[in-house]
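Asker: What would the 3D arrangement of this be:
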Amino acid sequence: MNVLDSLKRFHVGKYEIGMFALVLGALVLRIILLALHWPGTNSDETNMGLLANHVAFNGDRPLFFYGQPYMGPIEGYVSALIFRVSGRSSIFALRFGTLPFFVLFITCMYALISLLHSKKFALFTTLLFALGSNVVLSLQIKAVGEYPETEFFAAAICLIVLWLALTASTNDKSKRANFWRIGMYMLLGIIFGLAIWVDMLILPFVCMAVVFLFCFCRRELFSFLSVLLVIGFVVGLIPLIIYNLQVPFSQNSILVLLHLHSAGTKTRLLQHLVGSLGISLPEIMSFTPQCPQSSFPFFGIADVPCVVLQFSWGFGYLLLWLVAMLTAVITLWKFWQRRNGTSLFTPDWTFEQRQQVIRECGRIMVLICAIGTLYLDASSQVSGITPGPTTRYLLCMLISIPTVLWPLWRSFPSLLRAGSPGSIVHCLVNGTLLLLVLFMFAYGTVYTFIYSVPQAQDTYRHQQNIVYHLKSFDVKYVYSDYWNCNNITFMSDETVICSALNEALGPGYDRYLAYPAAVRHSSHPAYVFPEHVAQVAALDKKIAQHGFDVPYQRSVFEGYVYYIPQIK
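Answerer: Sure thing, here's the model as predicted:
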């Protein structure tokens, strides 16, 4: 069986069995974390829960995440199905909807690395992806919108275009495209469209995939297959198209996203670099434990050990990225020099040479996508202000980890055969680096269970107690801050409706506009805020000045101040 035939046939061997075992273990690990109420939830996530609730039980069909007309709520629709099956909504059921995307992601990555590198290395990287720091694990299972599915879409795009290139016919009189190729072009187009609808952070992968297809599947792009690709793209993009046809031009998704990308206080280039390379990049690469943002220059008082450690991890990735890129480019250049013929666009390579060239270009594609993702994050204003929270924008960079580590792995056989002292030292260095990466991913997982889970359980208990306390007073409508409002509404199954207030007790940030309208039109809503926030002082002053037409009972419970109307 030649390489082409083996690509077209899926064979379950020892590596695939190992992969299935690792995926199952990773899935069980994440389900355990969900059952332990980790990570702690917030109003961004429960906003998605409310959306899923409305889809499941109210017949709503939102085109975007509430309050963010540039993020497609695929997670919400998947979770809505789980809500319908289970008969009720919960944080566990909401997050369970992210798990299929993780399973698809890690499976696609195994297939991608098997094609790009080797099955043995693919199994090693599957072990890496089964683990991770609290930041990475949280992004993969928390239903805040876009991240689990975008991670999967990025891996699927790379896998499909690589498969299409490796299995493309090089014969000018090639036979008609078979069912699988037709289906793959249509599927790729749909994924392009859906991924852009979900989040335009996927654009580096979409653009590089198109370039890759043009390089190696040019004949098919000038055939009816390109029509199928475009049709699939339009089908996947339909929600985005419908929305933008319904709103004024100034409110279209692209303009809103561009505005958000450039909005915020202008910061210096050096501050952006510190935020992206010293904070965001090490965190997404599973550096554990993460130093607080205030430990870095421009964001607080510099803690030298923290700065050195995290920058070392970030620059270590960039150094390995550079080595991987140079290795791929040099190898590609050697193949180019050995090509038969003189044509620039159709070099006369043997089948084996063409396969290797495609793989080297595939590695370059993945590396460019990763650095493009890093650039999009580093160039946004918010990354220079709050680089910790913006780490989530770099999740797709995980796809580059195997390619970045490949030069360390691939050198083992030749170094061991050489047997010289220098080769042995080189081999030990490479092995140590690989083990260090594996250790950091594993340590991040252990750290999550030991330190992060107990904190999340306390947070979950406090959030539940807020709802129970409000219900004990028969409260139906309440004002709070943004970070508590959606939690209250979702965890109470919308029996308590909450609206956000700002520090001056004016209208706050409400994503779902029906809630502030309902609370505003209610008679004598309650108030609940964390102690020591500005709203508490403002309410105390208003009550002292008899600013309400009914008296309010003030009480403190578990760090929150409650104002309950006393209606006779």
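Asker: Give the rounded mean pLDDT of stretch 297-313.
Answerer: Averaged over stretch 297-313, pLDDT sits at 87.
Asker: What ranges in the stretch 301-450 of the chain fall below the confidence cut-off?
Answerer: 339-348, 412-420 (pLDDT under 70).
Asker: same thing but 50
Answerer: 344 (pLDDT under 50).
Asker: Using CSV, list the CA coordinates for stretch 561-568.
Answerer: Taking Å, rounded to 0.1, in the frame of the first residue of the first chain, the C-alpha atoms of stretch 561-568 are listed here in CSV:
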residue,chain,number,x,y,z
VAL,A,561,-25.0,43.7,51.4
TYR,A,562,-28.7,43.1,50.9
TYR,A,563,-31.4,45.9,50.7
ILE,A,564,-34.8,44.3,50.9
PRO,A,565,-37.9,46.6,50.5
GLN,A,566,-40.3,46.5,53.5
ILE,A,567,-43.7,46.5,51.9
LYS,A,568,-46.7,46.3,54.3
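Asker: Mind listing what's buried along that stretch?
Answerer: For stretch 561-568, burial by neighbour count (16 or more other Cβ atoms under 10 Å) applies to 561, 562, 563, 564, 565. Backbone N, C-alpha and C define where each C-beta goes, glycine included.
Asker: how far does it sit from the chain's center?
Answerer: Mean-position distance between stretch 561-568 and its chain equals 42 Å (Cα atoms, centre = their mean, to the nearest Å).
Asker: what do you get for stretch 75-87?
Answerer: 20 Å.
Asker: Other residues contacting that stretch?
Answerer: 48-49, 51-53, 55-57, 62, 65, 89, 93-94, 96-98, 100-101, 143, 145-146, 148-149 (Cβ atoms under 8 Å, 6 or more residues apart in numbering).
Asker: ok, and for it, which residues are buried?
Answerer: So for stretch 75-87, counting by 16+ other Cβ under 10 Å, buried means 75, 76, 77, 78, 79, 80, 82, 83.
Asker: same thing with stretch 534-544?
Answerer: Neighbour-count burial for stretch 534-544 flags 535, 536, 538, 539 (criterion: 16+ other Cβ under 10 Å).
Asker: Determine which two of these are furthest apart.
Answerer: 536 and 538 (7.3 Å; Cβ to Cβ).
Asker: Residue 80 and residue 468, how far apart?
Answerer: 26 Å (Cβ to Cβ, to the nearest Å).
Asker: One more: residue 132?
Answerer: Between residue 132 and residue 468 the computed distance is 34 Å (Cβ to Cβ).
Asker: Next, residue 562: phi, psi?
Answerer: phi -110, psi 140 (degrees, to the nearest 10).
Asker: Could you shift the numbering so residue one becomes 33, and keep it that way?
Answerer: In the new count, where the first residue is 33, that last one comes out as residue 594.
Asker: Output the longest helix belonging to this protein.
Answerer: Secondary structure of the chain read by DSSP state H shows that its longest helix is helix 336-369.
Asker: average pLDDT across stretch 306-318?
Answerer: Mean predicted confidence for stretch 306-318 is 90.
Asker: Can you name the residues in contact with that stretch?
Answerer: 163-165, 167-168, 322, 325, 328-331, 339, 342-343, 345-347, 349-350, 406, 409-410, 415-417, 419-420, 422-423, 425-427, 429-430, 433, 472-473, 476.
Asker: how much space between the residue positioned nearest the centre of the chain and residue 107?
Answerer: Centroid check for the chain by Cα atoms, centre = their mean gives residue 179 as the closest residue, at 2.6 Å. Residue 179 is 9 Å from residue 107, where distance means Cβ to Cβ.
Asker: can you check residue 148 too?
Answerer: 28 Å.
Asker: Tell me which helix or strand comes right after the helix or strand encompassing residue 153.
Answerer: According to DSSP states H and E, residue 153 maps onto helix 151-162. Using DSSP H and E, the helix or strand that follows helix 151-162 towards the C-terminus is helix 166-173.
Asker: now that next one against helix 151-162, angle please.
Answerer: 90 degrees (axes from the mean of the first three to the mean of the last three Cα atoms, to 10 degrees).
Asker: Show me what helix 166-173 packs onto, helices and strands only.
Answerer: On a contact count with 3 or more Cβ pairs under 8 Å, 6 or more residues apart in numbering; DSSP states H and E, helix 166-173 meets helix 46-67, helix 131-148, helix 179-198, helix 313-316, helix 453-479.
Asker: could the ones you listed be laid out in a markdown table, adding distance to residue 277?
Answerer: Conversion of these to a markdown table gives the following (distance: least, Cβ to Cβ, whole Å):
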| stretch | distance to residue 277 |
| --- | --- |
| helix 46-67 | 38 |
| helix 131-148 | 28 |
| helix 179-198 | 24 |
| helix 313-316 | 36 |
| helix 453-479 | 44 |
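Asker: if you compare those helices, which one is most tucked away?
Answerer: Across those, the average number of neighbours (mean count of other Cβ atoms under 10 Å) peaks for helix 313-316, which reaches a mean of 26.
Asker: buried ones in stretch 328-335?
Answerer: Neighbour count says stretch 328-335 has 328, 330, 331, 335 buried, by 16+ other Cβ under 10 Å.
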